[in-house]
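**Q** A structural model of the following input is requested.
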Amino acid sequence: MGKLISLHPFNFVLIMLIAISGLFISDNLNSYILITVWAILILWLTQHHLKWKAMFIFILLLIPAIASFYLSSSLFANTQVATSSVNSHLKFSLRLFSLALISYSYTLHLPKEKFILNLLQRRFISVKIGFALLAVFNAFEYLGHEFYKIQLAYQMRFGKKCYSPKIMLPLLVSAARYANTLTISMYARGINQNRTYHTEIQRYTIVDTLIVAINILVVLGLVYS
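**A** Here you go, the predicted model:
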């Protein structure tokens with residue numbers, strides 16, 4: 001599905017914070033569910049391809065932790081606690097689930113490079129810090145590709161995938177090479193001298209402000225409905 005609207009990088013953070021604030025303000029199970037659905041719907045409308053697989057895996061890993069928290073807080077609570085207190089445990093557990101899912105989903109789809117470049121353009125962070133953050137994010141992506149190539153080479157040679165801790169050795173070698181190349185590149189470009197660079201500016205428009213305003217109104221409506 002093609003995206004219907006485009007989110008400014010800052011709006012990923014703003015919409016996430018609006019949804020999280022709504023979850024903290026609300027004390028209703030239905031509001032938690034509706035706010036979560038609304039937040040995921042915004043992502044679905046603004047992304048070419050939503051990373052459903054990663055989100056589904058996260059949910060599968062999150063459910064046992066939330067279920068364990070709910071059972072431990074409700075079953076091992078004081079036996080004289082009223083039923084309303086058990087309901088409060090359920091609300092708190094669902095709130096934790098919604099907080100984790102919304103935070104992970106928006107962080108997963110956040111265009112990190114554009115976000116950091118926008119912070120640099122507006123002088124919210126220094127050049128050194130900005131490019132250091134970019135290097136960190138690129139390092140994770142680089143090591144992911146290296147891990148895939150190592151697995152592919154191992155599978156071609158031995159006919160199976162490698163899950164041994166020994167795979168960390170070639171990854172450490174790749175990480176050392178990446179760090180050395182990156183250090184030379186950043187030094188040659190004068191990052192240590194706070195030099196600036198021309199990048200395309202993605203301006204914050206009236207449409208972006210309108211999107212944030214709509215989200216505030218919708219979340220407030222879901223909280224107080």
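**Q** in the chain, what spans have low per-residue confidence?
**A** 1-4, 75-86, 189-200 (pLDDT under 70).
**Q** got the domain boundaries for it?
**A** Taking automatic domain parsing as the reference, the chain has its domains at 9-114+204-224, 127-193.
**Q** what would those domains look like in TSV with distance to residue 121?
**A** Every residue, glycine included, has its C-beta placed from N, CA and C. As requested, the domains of the chain are exported to TSV (distance: least, Cβ to Cβ, whole Å):
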stretch	distance to residue 121
domain 9-114+204-224	10
domain 127-193	10
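**Q** Could I get the contacting residues of the most centrally placed residue in the chain?
**A** When Cα atoms, centre = their mean is applied to the chain, the residue found nearest the centroid is residue 107 (1.6 Å). Contacts of residue 107 were listed using Cβ atoms under 8 Å, 6 or more residues apart in numbering, and they are residue 16.
**Q** Can you give me the buried ones in the helix or strand hosting it?
**A** According to DSSP states H and E, residue 107 maps onto helix 83-109. Across helix 83-109, burial judged by 16 or more other Cβ atoms under 10 Å covers 89, 91, 93-102, 104-106, 109.
**Q** Can you report how many residues neighbour residue 163?
**A** By other Cβ atoms under 10 Å, 9 other residues sit near residue 163.
**Q** ditto for residue 119
**A** By other Cβ under 10 Å, neighbour count at residue 119 equals 17.
**Q** Quick check: the gap between it and residue 13.
**A** To residue 13, residue 119 is 10 Å away according to Cβ to Cβ, to the nearest Å.
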